[in-house]
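I would like to see how this sequence folds:
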Amino acid sequence: MNACDCGARPGLASGPASRRTLAAVRFPVRGNPLTGNGSAEVRRPQDLVRRFLHFVGWILPTVILALIPKCPACVAGYAVIGTSVGFSLSGFAQLRLALIVLCVVSLSYVGIKSVLSMTNRNAAKRHL
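Numbers count the residues shown, from 1 in each chain. Below you'll find the model as predicted:
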């Protein structure tokens, strides 16, 4: 007799095939367990959050660079429409330049981080 009645709940099958752990059901296994490629780690929600933040790190500065206007007068117009705060034209020109520099630095950081991660993975594969 089984002390657990989890097979008796509606919607759940009983038997050896249904006795997988909750982590194995929710999060797929990385790599191919049949060929031995990859690790047998279970994906965690933290990994998904990290991947999402990495994606946002690429997308957000790219979208800002693509949508930023070329002339400072347009930047001033959009800022006044969006915030109802007016500054001098030279102030908006400096704001535009600061946004461009910030986006380029952010994209450079994410790019260098990705290249270093890739080279570390390739180096680890060579040593296996």
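
so where's the chain uncertain?
Applying pLDDT under 70 to the chain flags the ranges 1-43.

longest single helix anywhere in it?
Ranked by residue count, the top helix of the chain under DSSP state H comes out as helix 89-126.

what residues sit buried inside that helix?
Within helix 89-126, the residues that count as buried by 16 or more other Cβ atoms under 10 Å are 92, 96, 103, 106-107, 110. C-beta here means a position set from N, CA and C on the backbone, and glycine is covered the same way.

of the residues you listed, closest to V56?
V110 (9.7 Å; Cβ to Cβ).

correct me, but the closest one touches V56?
No. If you go by Cβ atoms under 8 Å, V110 and V56 don't touch, sitting 9.7 Å apart.

that older thread, mind putting the buried residues of helix 89-126 into a markdown table with distance to S117?
Listed next are the buried residues of helix 89-126 as a markdown table, based on distance: Cβ to Cβ, whole Å:
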| residue | distance to S117 |
| --- | --- |
| F92 | 37 |
| R96 | 32 |
| C103 | 21 |
| S106 | 17 |
| L107 | 16 |
| V110 | 10 |
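
of the residues you listed, closest to T62?
Nearest to T62 among the buried residues of helix 89-126, with distances taken as Cβ to Cβ, is L107, at 6.9 Å.
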